[in-house]
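> how would this look folded up:
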Amino acid sequence: MTADKEKRRAISREAARRRRRVESDVFGDLSRLLPLQPSIRAHLDKPSIIRLTLSYIRMQALLKETETTGPNAELEYTVRHHHGVEVGVGGHFELVKEMEEFTPLDETNMYLKILEGFLMVLSTTGDMIFLSDNVSKYMGLSQTELMGHNIFEYTHPCDHEEIRHNLRLTAELGWSQKRDFVMRIKSALTHRGRIGNLKSTTWKVLHCQGRVKLCAASSSVSCLLLTCRPLPLSHTLLSKHTFTSQHGMDMRFTYCDQRVTSLLGYRPEELLGRSIYDLCHTMDTNCLNKNHLNLCLKSQSVSGQYRMLVRSGGYVWVESHSAVIPGIQPSRSRPNPSQPLCILSVTYVLSGVEEPSLQLSLDQTFQRYLR
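Numbering: from 1, shown residues only. From the prediction side, this is the model:
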């Protein structure tokens, strides 16, 4: 009896070993099919292989809808329409002609470098179907660590409702529906740019812009294509078309540099104590309200394009990149956190003066009277 039991156990153990061997072979074959570097595939566990495989299958279903336009069409479209500005006319660009000599990988890397951020593809349920491999540069988390996971696992709980709102896709929206929002996401990067572990993550603010992509074949593969740029943005393009300002938490000016005079006609001293809402076109008040709310909740924000009134009449299109400057950090001697010091804004003037004869405020009327 004992010998039969031992025999059955030996047969069972051998069958289990055979199943594990077959399973390992299947996962090995599946891993080799993933479009990843061999060094990365070697460190993938079985759940990661399944997660990444499902993500690439969903991406394959998505790309079948646009295979006639090439694998980089969506990324190229997103870059060219970034901030609503075309890079060229009619789709024939000198830049693109030069890029034809590059390989697709070189071309993609160039687009990502121009973006100063990374690409993210989200499903309607918030699954991160795809992220460009440069995500680690900005988040300290690799592409394989994030793909297949849900965005809600990595974002701030207070931003979940806003993300859900942007993920509610319907067939009527189509490509005409733009998405522009700010969210906080976990980052493993330290202040010195080193990569830490997930236990020591901090919140990084991302400015996300993109469009809805609806697939005619199946709504289950409809997604949201986003370019994600970390804030604060680098302000290396400061020029005569840019001015800086400081505001209280109510958006009243406490400082403005001299360049505002040549751009808008206002002297810095006459703006002190006034609200930025006084200079905003009435129809763009909602844009500033959203920017102000993001600043109060998330400490950083990008306003999007809005119109700012010119002293002599008319308006110019601008975009403001703002951040809340915190007060003194709490310590043992000062246990209570202090109030924020101010809001620092860098405003980019994107156009010349439009409708110069149009008067939209008493300031403009007063200027015309003086002349």
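
> Next, R229: phi, psi?
phi -120, psi 120 (degrees, to the nearest 10).

> I figured it hits L115, correct?
Yes: R229 is within contact range of L115, at 6.8 Å (criterion: Cβ atoms under 8 Å). The way it works is simple: take the backbone N, C-alpha and C, and place the C-beta from them, glycine included.

> and the residue most central in space within the chain, bridged to which residues?
Centroid check for the chain by Cα atoms, centre = their mean gives C228 as the closest residue, at 2.0 Å. Beta-bridge partners recorded for C228 (DSSP bridges): F118, C208.

> Can you give me every residue that contacts it?
If you count contacts by Cβ atoms under 8 Å, 6 or more residues apart in numbering, C228 has them with 117-120, 138, 206-208.

> Put together JSON lines for those, with distance to E145 and neighbour count on each row.
Formatted as JSON lines, the contacts of C228 follow (distance: Cβ to Cβ, whole Å; neighbours: other Cβ atoms under 10 Å):
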{"residue": "G117", "distance to E145": "18", "neighbour count": "24"}
{"residue": "F118", "distance to E145": "13", "neighbour count": "22"}
{"residue": "L119", "distance to E145": "16", "neighbour count": "23"}
{"residue": "M120", "distance to E145": "14", "neighbour count": "24"}
{"residue": "Y138", "distance to E145": "13", "neighbour count": "18"}
{"residue": "L206", "distance to E145": "17", "neighbour count": "26"}
{"residue": "H207", "distance to E145": "22", "neighbour count": "23"}
{"residue": "C208", "distance to E145": "19", "neighbour count": "20"}
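
> Turn these into CSV, including pLDDT and distance to M59.
Output for the contacts of C228, formatted as CSV (pLDDT from 0 to 100; distance: Cβ to Cβ, whole Å):
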residue, pLDDT, distance to M59
G117, 86, 19
F118, 91, 15
L119, 91, 12
M120, 91, 12
Y138, 86, 21
L206, 90, 21
H207, 89, 24
C208, 89, 19
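
> Need the max-distance pair from these.
L119 and H207 (13.6 Å; Cβ to Cβ).

> could you point out which element follows the lowest-mean-pLDDT helix or strand in the chain?
Lowest mean confidence among the helices and strands of the chain (mean pLDDT, DSSP states H and E): helix 94-99, at a mean of 40. Next in sequence after helix 94-99, counting helices and strands by DSSP states H and E, comes helix 104-115.

> Report all helices and strands that that following helix contacts.
Applying 3 or more Cβ pairs under 8 Å, 6 or more residues apart in numbering; DSSP states H and E, we find helix 104-115 packed against helix 73-80, helix 94-99.

> sorry, back to before: just the closest of the contacts of C228 to R32, please.
Of those, the one sitting nearest to R32 (Cβ to Cβ) turns out to be L119, at 25.1 Å.

> In contact with the closest one, which residues?
So L119 contacts 75, 78, 112, 130-132, 225-228 (Cβ under 8 Å, 6+ apart).

> before we move on, what about D180?
So D180 contacts 208-209, 304 (Cβ under 8 Å, 6+ apart).

> how about the helix or strand harbouring it: buried residues?
Assigned by DSSP H and E, D180 belongs to strand 178-187. Within strand 178-187, the residues that count as buried by 16 or more other Cβ atoms under 10 Å are 179-187.

> so where's the stretch 151-300 of the chain shaky on pLDDT?
169-176, 190-200, 214-221, 232-238 (pLDDT under 70).

> Mind doing that once more with 50?
170-172, 219, 236 (pLDDT under 50).

> Please tell me how far H156 sits from Y315.
Relative to Y315, H156 is positioned 35 Å away (Cβ to Cβ, to the nearest Å).
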